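Q: model the following, please.
(one chain, ligands or ions: 1)
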Amino acid sequence: MLAVKIVQEQGIEVQGVAFETPFFSADRALEACKEMGIPLVVVDITREHLVMLRAPRYGYGRNMNPCIDCHILMLKKAGEKMESENADFIFTGEVLGQRPMSQGKQSLHIVAKRSDYQEYIVRPLSAGLLPETRPEMEGKIDRRKLLDIQGRSRKRQIELADRYQLTGYAKPAGGCLLTDPGFAKRLRDLFAHDSCLEIRDIELLKVGRHLRLNDKTKIIIGRKEMENAVIEKLSQDRDIVIRVRNFPGPTVLVPYGCEKKDLQLAAGICVFYSDAPGDMKTLAECCKGSVVSHVDILPAEKEVVRRLII
Ligand code: SF4
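A: Modelled structure (predicted):
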């Protein structure tokens, strides 16, 4: 938002571009552009992002966040947008040194270079500390009016936000699931066991408890009614959906089905998490498409369940 204000102050027309994947949304960008009254284009980069995410050239941050490669992809897409819209340049809100992995001097250089639009990328908040870009040389934007902010402190940014009377600016952390340790663990597990992922497999990572029974089979267990509903909505005919008969309990999903012995364990886990008594067998209903079978089973043992949690 600050970068937009700084560029707009030079009388330059601005258009926002934001990106979406199952891991992050464009909601904050939408709010910001609304507050500033500028148009926004939202580009879904899920497919390319997933390919990159399996093997990011510059590695992951603390969790599963491949920030450098992610920035490269976004700037590449922004560059394509710049060309198709006949715009003069791209600018970002990046600040030199604000984030150790993705905004150090070397990282900013790599990101710009690998995006294929290096000459056209202006960082108005730190431009005074970075090499001159083509739009600056060509006088499309006045370098003397750009800033020289660097480091992790947000003091100057907060002062500027006050000056521009910006209220809806984003909090420093959060927003991307790839930086969440719990989510990262599940994603790592999914990558290690599934070679051809579908988008819904990623969506499923966002709900319930996940337990891995073996290399081929994992199950997802709803923790509350809302999660049960989401799991059911994401289920497909190839999956097995397990519910306890006669007692309140979770919906358990076995994506892409499983062998008979694993189904017994999955049903036992479903009973374990239900309100059924712990000392007697309970009937669990297992549905695969329109085929329904039943398993009469004791709840799985607590220690077994604990060991399987991802
Ligand atoms: S935090 Fe997430 S969205 Fe942001 S650059 Fe890193 S991977 Fe991309």
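
Q: and residue 307, helix, strand or coil?
A: helix (DSSP: H, G, I helix; E, B strand; the rest coil).

Q: if I look at it, how far off is residue 265?
A: 12 Å (C-beta to C-beta, to the nearest Å). In this view, the C-beta of every residue, glycine as well, is placed from N, C-alpha and C.

Q: next one: stretch 11-25 to chain centre, how far?
A: In terms of C-alpha atoms, centre = their mean, to the nearest Å, the centre of stretch 11-25 is set 15 Å apart from its chain centre.

Q: still on that earlier bit, more neighbours: which of residue 307 and residue 265?
A: Ranked by neighbour count (other C-beta atoms under 10 Å), residue 307 and residue 265 place residue 265 first, with 20 against 10.

Q: if I follow the layout properly, the more buried one ends up in contact with residue 211?
A: No - judged on C-beta atoms under 8 Å, residue 265 makes no contact with residue 211 at a distance of 9.3 Å.

Q: which of the residues in stretch 195-202 are buried?
A: By neighbour count with 16 or more other C-beta atoms under 10 Å, stretch 195-202 contains the buried residues 201-202.

Q: who touches that stretch?
A: 22-23, 46, 50, 187, 190-191, 194, 234, 236, 255 (C-beta atoms under 8 Å, 6 or more residues apart in numbering).

Q: the same query, at a cut-off of 7 Å, please.
A: With C-beta atoms under 7 Å, 6 or more residues apart in numbering as the test, stretch 195-202 has contacts from 22, 46, 50, 190, 194, 234, 255.

Q: same deal with stretch 211-225?
A: If you take C-beta under 7 Å, 6+ apart as the criterion, stretch 211-225 is touched by 189, 193, 204, 207-210, 228, 231, 250-254, 258, 262, 265-266, 269, 273, 308-310.

Q: hang on, residue 271 is in a helix, isn't it?
A: Yes - assigned with three-state DSSP, residue 271 falls within a helix.

Q: now it: closest residue in space, sequence neighbours ignored.
A: Nearest non-adjacent residue to residue 271, counting by C-beta to C-beta, 6 or more residues apart in numbering: residue 299, 4.4 Å away.

Q: which strand or helix spans the closest residue to residue 145 other than its chain neighbours?
A: Residue nearest to residue 145 in three dimensions, not counting chain neighbours: residue 10, with 6.1 Å by C-beta to C-beta, 6+ apart. Residue 10 belongs to no helix or strand when assigned by DSSP states H and E.

Q: can you report how many residues lie near residue 10?
A: Residue 10: 12 surrounding residues under other C-beta under 10 Å.

Q: what distance do you get for the closest residue to the ligand within the stretch 201-310 of the chain to residue 50?
A: Proximity of the stretch 201-310 of the chain to the ligand (C-beta to the nearest ligand atom) peaks at residue 202, 13.7 Å away. From residue 202 across to residue 50, the span is 8 Å (C-beta to C-beta).

Q: ditto for residue 97
A: To residue 50, residue 97 is 30 Å away according to C-beta to C-beta.

Q: tell me where the chain has strands.
A: 16-20, 40-44, 90-91, 121-122, 209-212, 218-221, 240-244, 252-254, 282-288, 291-297 (DSSP state E).

Q: low-confidence ranges in the stretch 101-250 of the chain?
A: By pLDDT under 70, the low-scoring segments of the stretch 101-250 of the chain are 170-174.

Q: near the ligand, which residues of it?
A: 102, 176, 178-179 (C-beta under 6 Å from any ligand atom).

Q: just to check, residue 266 is in contact with residue 254?
A: Yes - counting by C-beta atoms under 7 Å, residue 254 is a contact partner of residue 266 at 5.4 Å.

Q: since that was my last question, I'll sign off now.
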